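J.: Just the structure for this:
(2 chains)
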Amino acid sequence: MASGTGARDVFRAPKGTRDVLPPESDRWIDIVGRFAERARRFGYGLVITPIFEHYEVFARLGDTTDVVSKEMYDFVDKGDRRLALRPEGTAGTVRAFVEHRPIAPWKVWYIAPNFRYERPQAGRYRQHFQLGAEVIGSDDPDVDVEMIDLQGGFYREIGLTQSRLVVNSMGDAETRERYRHVLLAYWHDHADLLGDDIARAVANPLRILDSKRPDWQTIIAEAPQLRDHLSDAAAATFDRVLAGLRAIGYDPEIDPRLVRGLDYYTSTVFEFRSSALSAGQDTIGGGGRYDRLSEEMGGPPAPAIGFGTGIERILIVAGAEAAVTRARPRLDAFVIDTLDNDAALLLVHELRESGLAVDRSFGSRSLKKQWSAADKSGATYGVMLAPREYEHGVVIVKELSTGEQHEVPRATITTWIQQRGVTPQ
RNA sequence: GUGGCUGUAGCUCAGGUGGUUAGAGCGACGGGUUGUGAUCCCGUAGGCCGGGGGUUCGAGUCCCCUCAGUCACCCCA
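T.: Here you go, the predicted model:
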């Protein structure tokens, strides 16, 4: 097909991006709608931040992270500003918090595209959409529980059954510093196996823990665990989160190797994984606490927690699980016009204004084609404007599923359809 | 960034060891039914066989390069 270079080639969506068309987009609007409704019930407001920020806002994610060191979609604009397309949702939200200083705790949710410059593969795109939520300005462990429940219950509501909750604690600042040194010493003991990647281990000892390389699995399994170095306060917090989750019916699996990809995480981190996704990319969504980020951005102390979940991956899981999402929006009526005057325009207008879902064909096509179009549209009724009957103020209504036909006065057609029952959405 | 696989019609795919006018199904459009869809029958349109170079009398087919897609690694949603 298109090669991208020849003069006759057709344009394609840029690498790693894709178009979402009906009927797939019907599932998108359904998923987003359900998330918005759940977030509203939990007391979260919608936040909309720019799709790009000053590069430095995202650089706070940590310069040893892949997201910053090699995946940033950055550019210089005409005013010589260095900007970057948002790679994730938290940094921009915290920037907005620091800039506007809303009353804490600030509870917000978002739906937004994220961008990462990396090679696409199954379930991974250069532009992907995330639903997410953040609570900024509270360190109460009950907030952690609420946040995880917002996410977990959402999966349940859209029909995902195979997701499991995995949690860990990164500890507080002292815990982490202590653990870093212990871990680094351990990696040095195994420098022969790590080879050149020892540099990665030095830059960020925690990153090695979640590697999927088979030849490292043994040393990773035997590595010292952060759990054994938690301060008393951090351990108590984690216990409280676990107890809270169990109290509302969750069965969290503790994974000491769960460290997440961004430097700002502290304390509680979590992921929902699905066995319906391939092992390398089985995370549907995840998040954690970032208690220092507000201060690192020049804001007030504001402990916070949030998560993001990818819509594309939700759809992969939904497809793999054959989860039932709402079918494509159906039409109540499809209008067939043989009069070729204003009558069809007016009828369609009236039906739509009365609240019915209505479509029609255009371009004075043959009756056969119009009825065929009505059939394909999935409408419940076909409504035909035909000369003989219309002369007597009557239109022909046909139930497309049965073929049963009725003559209905033009003046009462709207109420006739409404009383027969509109199509359930 | 590294590696594997794949590029033929709008979609899904056929096209032994090179051989001349490149095929099917589905879809689209038109007709059989000039006032009736989902069945059936007939027909029409739609292809620089991803692009470039090479080998050859001859390349969709073999070789090289390139582009694109896809999968995997790194890592992440």
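
J.: from here on, contacts and neighbour counts on C-alpha atoms
T.: Fine.

J.: three-state assignment of A:Leu83?
T.: Secondary structure, DSSP: H, G, I helix; E, B strand; the rest coil: A:Leu83 is strand.

J.: Next, the contact list for it, please.
T.: The contact partners of A:Leu83, by CA atoms under 8 Å, 6 or more residues apart in numbering, come to A:Phe52, A:Glu53, A:His54, A:Tyr55, A:Asp74, A:Phe75, A:Val76, A:Asp77.

J.: Swap in 7 Å and give it another go.
T.: By CA atoms under 7 Å, 6 or more residues apart in numbering, the contact set of A:Leu83 is A:Phe52, A:Glu53, A:His54, A:Tyr55, A:Asp74, A:Phe75, A:Val76.

J.: Could you restrict the residues you listed to the ones contacting RNA strand B?
T.: The subset of the contacts of A:Leu83 within reach of RNA strand B, by CA under 7 Å from any atom of the strand, is empty.

J.: now the residues you listed in TSV, with secondary structure, distance to A:Ala39 and neighbour count?
T.: Formatted as TSV, the contacts of A:Leu83 follow (DSSP: H, G, I helix; E, B strand; the rest coil; distance: CA to CA, whole Å; neighbours: other CA atoms under 10 Å):
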residue	secondary structure	distance to A:Ala39	neighbour count
A:Phe52	strand	24	19
A:Glu53	strand	25	18
A:His54	strand	28	17
A:Tyr55	helix	29	20
A:Asp74	strand	31	20
A:Phe75	strand	34	15
A:Val76	strand	36	12
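
J.: and of these, the nearest to RNA strand B?
T.: Of all the contacts of A:Leu83, A:Asp74 has the smallest distance to RNA strand B: 13.9 Å, by CA to the nearest atom of the strand.

J.: Show the contacting residues for the closest residue to that closest one other than its chain neighbours.
T.: Nearest residue to A:Asp74, sequence neighbours excluded (CA to CA, 6 or more residues apart in numbering): A:Ala84, at 3.9 Å. Shown in contact with A:Ala84 (CA under 7 Å, 6+ apart): A:Phe52, A:Glu53, A:His54, A:Tyr55, A:Met72, A:Tyr73, A:Asp74, A:Phe75.

J.: and A:Pro113, bridged to which residues?
T.: A:Phe129 (DSSP bridges).

J.: what about it, distance to RNA strand B?
T.: A:Pro113 is 10 Å from RNA strand B, where distance means CA to the nearest atom of the strand, to the nearest Å.

J.: per-residue confidence for A:His349?
T.: At A:His349, the model reports a pLDDT of 96.

J.: Distance check, A:Pro87 against RNA strand B.
T.: Taking CA to the nearest atom of the strand, one finds A:Pro87 at 8 Å from RNA strand B.

J.: Now do the SS call for that residue.
T.: coil.

J.: Dihedrals phi and psi, it?
T.: Dihedral pair for A:Pro87: phi -90, psi -10, per degrees, to the nearest 10.

J.: for A:Thr309, same thing?
T.: Torsion angles, degrees, to the nearest 10, at A:Thr309: phi -140, psi 130.

J.: was I right about it contacting A:Gly132?
T.: Yes. Counting by CA atoms under 7 Å, A:Thr309 touches A:Gly132, with 6.1 Å between them.

J.: With neighbour numbers in mind, choose between those two.
T.: Higher neighbour count among A:Thr309 and A:Gly132: A:Gly132, with 26 against 22, using other CA atoms under 10 Å.

J.: hang on, the more buried one packs against A:Ala112?
T.: No. Using CA under 7 Å, A:Gly132 is not in contact with A:Ala112, being 8.7 Å away.

J.: ok, now which ones touch A:Val241?
T.: By CA under 7 Å, 6+ apart, the neighbours of A:Val241 are A:Pro141, A:Asp142, A:Asp144, A:Val145.

J.: Oh, that last question was meant for A:Asp255, not what I typed.
T.: Counted by CA under 7 Å, 6+ apart, A:Asp255 has contacts A:Val166, A:Val167, A:Asn168.

J.: surely A:Gly378 meets A:Phe334?
T.: No. Using CA under 7 Å as the test, A:Gly378 is too far from A:Phe334 to be in contact (8.8 Å).

J.: And the two? Which one has more around it.
T.: A:Phe334 (28 against 18).

J.: which ones are touching the more buried one?
T.: Taking CA under 7 Å, 6+ apart as the test, what A:Phe334 contacts is A:Val358, A:Asp359, A:Arg360, A:Ala374, A:Ala379, A:Tyr381, A:Gly382, A:Val383.

J.: would you turn the contacts of A:Ala84 into TSV with pLDDT?
T.: Below are these laid out as TSV (pLDDT from 0 to 100):
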residue	pLDDT
A:Phe52	96
A:Glu53	96
A:His54	95
A:Tyr55	93
A:Met72	90
A:Tyr73	92
A:Asp74	90
A:Phe75	90
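
J.: Can you get me a residue count around A:Asp19?
T.: Using other CA under 10 Å, the number of residues around A:Asp19 comes to 9.

J.: Does it belong to a helix, a strand or coil?
T.: Assigned state for A:Asp19: coil (three-state reduction, three-state DSSP).

J.: Spatially nearest residue to it (excluding sequence neighbours)?
T.: Nearest to A:Asp19 is A:Ala13, by CA to CA, 6+ apart, at 7.3 Å.

J.: And A:Thr415, how far from A:Gly355?
T.: 11 Å (CA to CA, to the nearest Å).

J.: Next, whichever residue of the stretch 251-400 of chain A sits closest to RNA strand B: phi, psi?
T.: Per CA to the nearest atom of the strand, A:Gly261 is where the stretch 251-400 of chain A lies closest to RNA strand B, at 2.3 Å. As for A:Gly261, its main-chain torsions (degrees, to the nearest 10) stand at phi -90, psi -10.
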